[in-house]
Structure formats: structure tokens, C-alpha cells
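1. coords below, sequence missing:
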């Protein structure tokens, strides 16, 4: 049995054939934008085509922490890539990998480097790395890449809004 993320931000039980699609913005109204192979934040405007993010839950909830939020895979629609957390020089780093989100979803067990605990408070979402607990996807200044941080409450923004597309 699988779960999916509903429009209400809650996890619902069902089988998934395709990921959900969303536009992500931070609390400063900056949207995720793909420049080359890097996800960045840029101000929301009519001149900017934000990246369409793909979201699908992990099927194996029983093998992951229960109190952290809904475990999800995060990717982008075009080109088809997924967000991944890897140790680079002793520090977790957020990367985009040439990986199909449905291939991750259909694995026989959770693929932890590609998983994030999705927690919602009202309309605000946070994404904590499953592979690196305490590290969250974050944004900072305009035209800077999104990244992982463990420095909560500082100048980095870890709160995002998901605008799901039908």
C-alpha cells in the first residue's frame, strides 16, 4: 500500500501512478528556478518560468521515522531529475541527479539520499533530509542556489509554499 500527498498537505493511502506537480516558493516570494544544473531562487514575476517540482511519497513508511513528517521524493519535471543529499567533504550537500522519480518510488526499499521528511504547518512546508537528520532544504538571497542547512533560526529560509497543479 502506498501513500500520496493530498492538496491539503496530508498523506492519503492509495497507489500512485504519477507524481504530483507543484511550483515552490519561499517566504520571500522567490520561486525555484533551474539555471543550468542548479536550482536557484529568483523573485516571482511574469518574466520567470519557475521550475515544476515533482512530488511523490515513499511507499515504505514503516521503515522510516514516524514523527518527522511524510517521507517524499522531490524532483523536477523538465529535465527529469531528483533532489539528493550526499556527503561532500564531510558535509551534507543538496544535489540534482539524473534520476527518474518513479524509478525511486518503485524501488524495493526506501532510497534515503533522495528522501525528505515533508512537514507542514498551515501552508508552510519544510523538507528535512532523511539521510542527514537535522539538515533542511533552505534558500537565502535572490539568484543563489537552494542548499541544505542545519542552522535553523538564522538568516536562511527553510519554509516553502507548494502550489500544486491539477
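-> Received the coordinates, thanks. These figures come from a predicted structure and were not determined experimentally. Residues are numbered from 1 along each chain as shown.
2. Going by C-alpha atoms from here, please, whenever you check contacts or count neighbours.
-> OK.
3. For the residue lying closest to residue 115 once chain neighbours are set aside, give the beta-bridge partners.
-> Nearest non-adjacent residue to residue 115, counting by CA to CA, 6 or more residues apart in numbering: residue 73, 5.0 Å away. Beta-bridge partners for residue 73, by DSSP bridges, are residue 56, residue 115.
4. got the contact list for residue 77?
-> 21, 51-54 (CA atoms under 8 Å, 6 or more residues apart in numbering).
5. Report the buried residues of stretch 19-30.
-> 19-26, 28, 30 (16 or more other CA atoms under 10 Å).
6. Columns pLDDT and distance to residue 77 on top of those, output as a markdown table?
-> Shown next, in a markdown table, are the buried residues of stretch 19-30 (pLDDT from 0 to 100; distance: CA to CA, whole Å):
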| residue | pLDDT | distance to residue 77 |
| --- | --- | --- |
| 19 | 94 | 10 |
| 20 | 95 | 10 |
| 21 | 96 | 8 |
| 22 | 96 | 10 |
| 23 | 96 | 11 |
| 24 | 96 | 13 |
| 25 | 96 | 16 |
| 26 | 94 | 19 |
| 28 | 91 | 23 |
| 30 | 95 | 19 |
